[in-house]
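Student: Everything below, folded, please.
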Amino acid sequence: MPTDTNYAGDVFGGWIMAQVDIAGSIPAIRRARGRVVTVAVNSFVFKQPVFVGDVVSFYASIVKVGRTSITVDVVVYSQRGLRHGNEEICCMVTEAVLTYVAVDENRRPRVVPPE
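Tutor: Next comes the predicted model:
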């Protein structure tokens with residue numbers, strides 16, 4: 001949305017960060033079979049800007065499972081060009097690694113169940 005952009009028409013990095021956290025939490029929740037919390041953003045690299053009108057896709061995969069933690073890699077791609085009738089291009093715009101911890105109903109760490 002336009003409210004998520006700066007004066008130059010680029011999407012705010014904070015908006016992308018929030019979406020990355022959501023995308024990363026989905027495989028973590030599935031693997032933990034329940035609630036998780038974000039405990040670390042291990043790395044976050046913005047490679048290209050995201051513009052209004054881009055179609056943005058988030059791909060998340062688990063890279064490590066610890067006793068209570070799950071580390072997830074999230075890669076973000078942007079498809080652009082179609083809105084203006086140009087040739088469509090797809091480029092990686094962001095790459096991040098986040099760590100989540102499985103928590104119980106009291107929000108205390110719990111063991112990630114075996115697969």
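Student: for residue 53, helix, strand, or coil?
Tutor: Under DSSP: H, G, I helix; E, B strand; the rest coil, the three-state class of residue 53 is coil.
Student: wait, residue 31
Tutor: Residue 31, by the three-state scheme (three-state DSSP), is helix.
Student: residue ranges with poor pLDDT in this structure?
Tutor: Within the chain, the segments meeting pLDDT under 70 span 83-85.
Student: element containing the residue positioned nearest the centre of it, please.
Tutor: In the chain, the C-alpha nearest the mean C-alpha coordinate belongs to residue 20, at 1.7 Å (Cα atoms, centre = their mean). If you go by DSSP states H and E, residue 20 is part of helix 13-32.
Student: which outside residues touch stretch 33-47?
Tutor: 13, 16-17, 20-21, 24-25, 28-29, 69-71, 91-105, 107, 110, 113 (Cβ atoms under 8 Å, 6 or more residues apart in numbering). In short, each C-beta sits where N, CA and C put it, glycine included.
Student: which among those end up buried?
Tutor: 16-17, 20-21, 24-25, 28, 69-71, 93-94, 96-103, 110 (16 or more other Cβ atoms under 10 Å).
Student: now the strands: where do they sit in this protein?
Tutor: 36-46, 55-65, 69-80, 89-102 (DSSP state E).
Student: name the helices or strands packed onto the last one?
Tutor: Which is strand 89-102. helix 13-32, strand 36-46, strand 69-80 (3 or more Cβ pairs under 8 Å, 6 or more residues apart in numbering; DSSP states H and E).
Student: Sweet, I'm off.
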